[in-house]
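Asker: build me a model:
(one chain, ligands or ions: 1)
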Amino acid sequence: MATLFDPLRAGDLALANRIVMAPLTRNRSPNAVPGDLSVTYYGQRATAGLIVTEATAISHQGQGYADVPGLYGADQLAGWKRVTDAVHKAGGKIVVQLWHVGRISHNSLQPGGGKPVAPSAIRAKSKTFLVKPDGSGEFVETSEPRALDAAEIPGIVDDFRRAAKAAIEVAGFDGVEIHGANGYLVDQFLRSGTNHRSDDYGGSIENRARFLFAVVDAVTDAVGAGRTGIRLSPVTPANDASDTDPQPLFNHVAAGLGSRGLAYIHIVEGATGGARDFSQGEKPFDYTELKATYRKAGGHGAWLVNNGYDKELAEKAVGDGYADLVAFGKLFIANPDLVSRLKRNAGLNDPDKATFYGGDAKGYTDYPTAA
Ligand code: 8OZ
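Answerer: I've put the predicted structure just below:
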């Protein structure tokens, strides 16, 4: 029976254990550049089998929150190189999460103060995070988006390609994870609540998944499928995401991914950061069916699960073969040495919600390791 502490090969990634640090937005990269604090923070967590970085904008247009990092400027890539060096020096593996927020943005964060872009011009009932001139943070409503012209879509796909290539070749990452979850651009194309298009990118399931597969093909072409993962959240309501019938939609996605040779598939089960049994559509979502669909289509990547796992649930998931890898979010915020704590059944620090988004070292790099 596999345990959380067994090594695993996921595509080209040789992982020391099955414990993954989930992507976690922390809003501590002014000018979109990860700095000294981020170098320390990720280095402290390098005993994870794999670190997935916080979501990182592939382009200025893909940016939607204050002080999140990017991959589109030389200074941003240089900042990330210092992070990957620190993680590698400590023996860890790290992939960067490739992010385009789509409509979850604000005019003030967009090139030329323009409207955020989306599959359709439907404003999200959702908030983003800005920093005021005096340095304090505030949550504000996301801006009204404009619908993308079909002719603009290849350019965004190219931004994913360029960011992935630079992530590997310049910033020194071991791989990339496409952010297809949580109501951002890829997910906005997928789901019926946000995609009302009548062209090749909207309507049928096949059409709504076209953008996702174009991004996957561009990224794998640039860096290799063995270094590429993807995160999906079939039923999350995060960022006002919705679909009336998610099972056939995500089965179609899983089947298409099955033939593309990815390193791993990362699934957020239920409502991101919330109830694991949350669902959309008429029936509870069947994650076992999703995985079986992927395997049946030839998918050999690692199956990575996330959302509200504790040690017991994670051990069971890996032990009975339901999953190959488990990602922990809040527990990794509060416990840099989470792997050794889980192994030794040591106590866990509690995460401090007040310091999740924005701020300094407090609640970021100052959580203690166990004695
Ligand atoms: C929390 C706050 C801001 C962004 C996600 C990138 O949900 C995020 C995010 C989470 O995937």
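Asker: could you find the closest non-adjacent residue to Asp337?
Answerer: Excluding the flanking residues, the one nearest Asp337 by CB to CB, 6 or more residues apart in numbering is Thr369, at 4.3 Å. All C-beta spots, glycine's among them, are computed from the backbone N, C-alpha and C.
Asker: please name the residues that touch that neighbour.
Answerer: Gln44, Pro336, Asp337, Ser340 (CB atoms under 8 Å, 6 or more residues apart in numbering).
Asker: I figured the first one hits Asn335, correct?
Answerer: Going back to what we said before, that points to Gln44. No. Gln44 is beyond contact range of Asn335, at 9.9 Å (criterion: CB atoms under 8 Å).
Asker: what pLDDT does Ser136 get?
Answerer: Note on Ser136: pLDDT of 79.
Asker: flag every residue of the stretch 1-150 of the chain that's near the ligand.
Answerer: Contacts of the stretch 1-150 of the chain with the ligand, taken as CB under 6 Å from any ligand atom, map to Thr25, Ala55, Tyr65.
Asker: ok, now with 8 Å
Answerer: Counting by CB under 8 Å from any ligand atom, the stretch 1-150 of the chain comes close to the ligand at 23-25, 27, 54-55, 64-65, 68, 97, 99, 101, 104, 128-129.
Asker: go on, the stretch 251-371 of the chain?
Answerer: With CB under 8 Å from any ligand atom as the criterion, the stretch 251-371 of the chain meets the ligand at residues Thr272, Gly273, Phe356, Tyr357.
Asker: show me which of those residues are buried.
Answerer: Neighbour counting with 16 or more other CB atoms under 10 Å marks Thr272, Phe356, Tyr357 as buried within these.
Asker: which residues does the second one contact?
Answerer: With contacts taken as CB under 8 Å, 6+ apart, Phe356 has the following neighbours: Leu24, Arg26, Ile333, Gly363.
Asker: now the closest residue to Ser192 other than its chain neighbours, what's its secondary structure?
Answerer: Nearest non-adjacent residue to Ser192, counting by CB to CB, 6+ apart: Asp243, 4.9 Å away. With DSSP: H, G, I helix; E, B strand; the rest coil as the basis, Asp243 sits in coil.
Asker: for the one 4 residues further on, same thing?
Answerer: At Gln247, secondary structure determined by three-state DSSP is helix.
Asker: next one: it from Tyr294, what distance?
Answerer: Counting by CB to CB, to the nearest Å, the gap between Gln247 and Tyr294 amounts to 13 Å.
Asker: please apply the same query to Ser198.
Answerer: Between Ser198 and Tyr294 the computed distance is 30 Å (CB to CB).
Asker: again with Leu304
Answerer: For Leu304, the distance to Tyr294 equals 12 Å [CB to CB].
Asker: between the two, which contacts overlap?
Answerer: With CB under 8 Å, 6+ apart as the test, Leu304 and Tyr294 both reach Ile265.
Asker: rewinding a little: ranking the contacts of Thr369 by neighbours, who comes first?
Answerer: In terms of neighbours by other CB atoms under 10 Å, the contacts of Thr369 top out with Pro336 at 26 neighbours.
Asker: residues in contact with that residue?
Answerer: Taking CB under 8 Å, 6+ apart as the criterion, Pro336 is in contact with Gln44, Arg45, Tyr367, Thr369.
Asker: ok, Lys283 next?
Answerer: Gln247.
Asker: how about the secondary structure of the residue of the stretch 251-371 of the chain found nearest the ligand?
Answerer: The ligand sits closest to Thr272 of the stretch 251-371 of the chain, with a gap of 5.6 Å, by CB to the nearest ligand atom. At Thr272 the chain is in coil, as set by three-state DSSP.
Asker: from Lys311, how far out is it?
Answerer: Counting by CB to CB, the gap from Thr272 to Lys311 is 21 Å.
Asker: which residue is the nearest non-sequential neighbour of Arg161?
Answerer: Ala218 (4.0 Å).
Asker: could you check how far the one you found is from the ligand?
Answerer: To the ligand, Ala218 is 21 Å away according to CB to the nearest ligand atom, to the nearest Å.
Asker: the helix or strand containing that residue: what's the following helix or strand?
Answerer: When elements are assigned from DSSP states H and E, Ala218 belongs to helix 210-223. Next helix or strand after helix 210-223 toward the C-terminus (DSSP H and E): strand 228-232.
Asker: confidence score at the nearest residue to Gly298 once chain neighbours are set aside?
Answerer: Leaving out its chain neighbours, the residue that sits closest to Gly298 by CB to CB, 6+ apart is Gly258, at 4.8 Å. The pLDDT attached to Gly258 in the predicted structure is 98.
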